[in-house]
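In: Below: sequence and its predicted model.
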Amino acid sequence: MNIFPPNDSQKPYLDLLDTLSDLGISKKYEAGETIVMELSKVHSIPFIKNGSVKVIKSDDEYKEITLYYLSAGETCVMSFLAGLNNDTSKVKAIAEESCEIVFVSIQAISNQIKEHPEWLTYFFQIYHKRFEELLNVVNDIAFKKMDERLLNLLQHRVKLAKTNTLSITHEQLAQELGTAREVVSRLLKQMERNQLVKLARNQITLLSIS
């Protein structure tokens, strides 16, 4: 369970989510468990009740890159669009920490949108946020060096976890960045020499947070 209260921007989402309690099925996941598989048929839309979820894209060689994270009160807009179009999921969703997900059928969501127009505002806001994050991913890959991308990722994960010490391996960071573990290890050592991070076994402490 997420022990930190949601920020003000999440509260309207959580208020809307409360209305779905009787319409969907609630499931709990532990960190690392898969919530949505790539290429699976989307029959219901996942809404994050608490915790956080990582959304990734992989290729035929099983290389992965993280697209964005979902927090309490949010949903995966790609799952929403796939469900509306009777399509398969183009992404994989994995629990970043212990979380609870409410799954609501496509038909139930369609009915909610017809009866409560504020749901359209909700989905447009989520879509806008995800679109900006995807643009940032493209911008990072196209224009930023790997050391800058790694620092940005650490800063983002620290804010998400609400602690400056992360329990994460170099391999996990490499997967998120779509690079080799050796590259991440070398860059982290350089960052430690520059007093940006402190390294321990499967732990990284960010010493300065922007």
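Out: Ah, there it is. Numbering: from 1, shown residues only.

In: Quick check: phi and psi on the residue nearest the centre of the chain?
Out: The centroid of the chain falls nearest to Tyr69 when counting by Cα atoms, centre = their mean (1.6 Å). Per-residue torsions, Tyr69: phi -120, psi 150 (degrees, to the nearest 10).

In: residues contacting it?
Out: Ser52, Val53, Lys54, Val55, Glu96, His156, Leu160 (Cβ atoms under 8 Å, 6 or more residues apart in numbering). The way it works is simple: take the backbone N, C-alpha and C, and place the C-beta from them, glycine included.

In: With Leu150 instead?
Out: Contacts of Leu150 by Cβ under 8 Å, 6+ apart are Leu173, Leu177, Val184, Leu187, Leu188, Met191.

In: for the second one, what are its contacts?
Out: Just to be clear, that refers to Leu177. Ile65, Met146, Arg149, Leu150, Leu153, Val184.

In: Okay, and the beta partners of the residue nearest to the centre of the chain?
Out: Lys54 (DSSP bridges).

In: Show me what the host helix or strand of Ile94 is packed up against.
Out: For Ile94, the element it lies in under DSSP states H and E is strand 92-95. Other elements packing on strand 92-95 under the criterion 3 or more Cβ pairs under 8 Å, 6 or more residues apart in numbering; DSSP states H and E are strand 34-36, strand 53-58.

In: Check which residues of the shortest one are buried.
Out: In this case it means strand 34-36. Ile35, Val36 (16 or more other Cβ atoms under 10 Å).

In: Leu23: which element?
Out: Counting by DSSP H and E, Leu23 is part of no helix or strand.

In: gap between it and Phe123?
Out: For Leu23, the distance to Phe123 (Cβ to Cβ, to the nearest Å) stands at 16 Å.

In: before we move on, the earlier item: okay, the contacts of Leu177 in a markdown table with secondary structure next?
Out: Shown next, in a markdown table, are the contacts of Leu177 (DSSP: H, G, I helix; E, B strand; the rest coil):
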| residue | secondary structure |
| --- | --- |
| Ile65 | strand |
| Met146 | helix |
| Arg149 | helix |
| Leu150 | helix |
| Leu153 | helix |
| Val184 | helix |
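
In: min pLDDT across the residues you listed, which one?
Out: Lowest pLDDT among the contacts of Leu177: Ile65, with 85.

In: Show me the shaky parts of the chain.
Out: Across the chain, the ranges flagged by pLDDT under 70 are 1-17, 60-62, 209-210.

In: cutoff 80 now
Out: 1-22, 59-63, 208-210 (pLDDT under 80).

In: May I see the buried residues of stretch 90-108?
Out: Residues 91-97, 99-104, 106, 108 are the ones in stretch 90-108 that count as buried (16+ other Cβ under 10 Å).

In: Of the residues you listed, just say which sits nearest to His43.
Out: Nearest to His43, judged by Cβ to Cβ, of the buried residues of stretch 90-108 is Ile106 at 6.8 Å.

In: What is the burial count for Leu207?
Out: Residues within reach of Leu207, counting by other Cβ atoms under 10 Å, total 12.

In: List the contacts of it.
Out: Here Leu207 is in contact with Asn164, Gln195, Leu196, Val197, Lys198 (Cβ under 8 Å, 6+ apart).

In: Output those in a markdown table; the columns should cover secondary structure and distance to Cys76.
Out: Formatted as a markdown table, the contacts of Leu207 follow (DSSP: H, G, I helix; E, B strand; the rest coil; distance: Cβ to Cβ, whole Å):
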| residue | secondary structure | distance to Cys76 |
| --- | --- | --- |
| Asn164 | coil | 28 |
| Gln195 | coil | 38 |
| Leu196 | coil | 32 |
| Val197 | strand | 30 |
| Lys198 | strand | 34 |
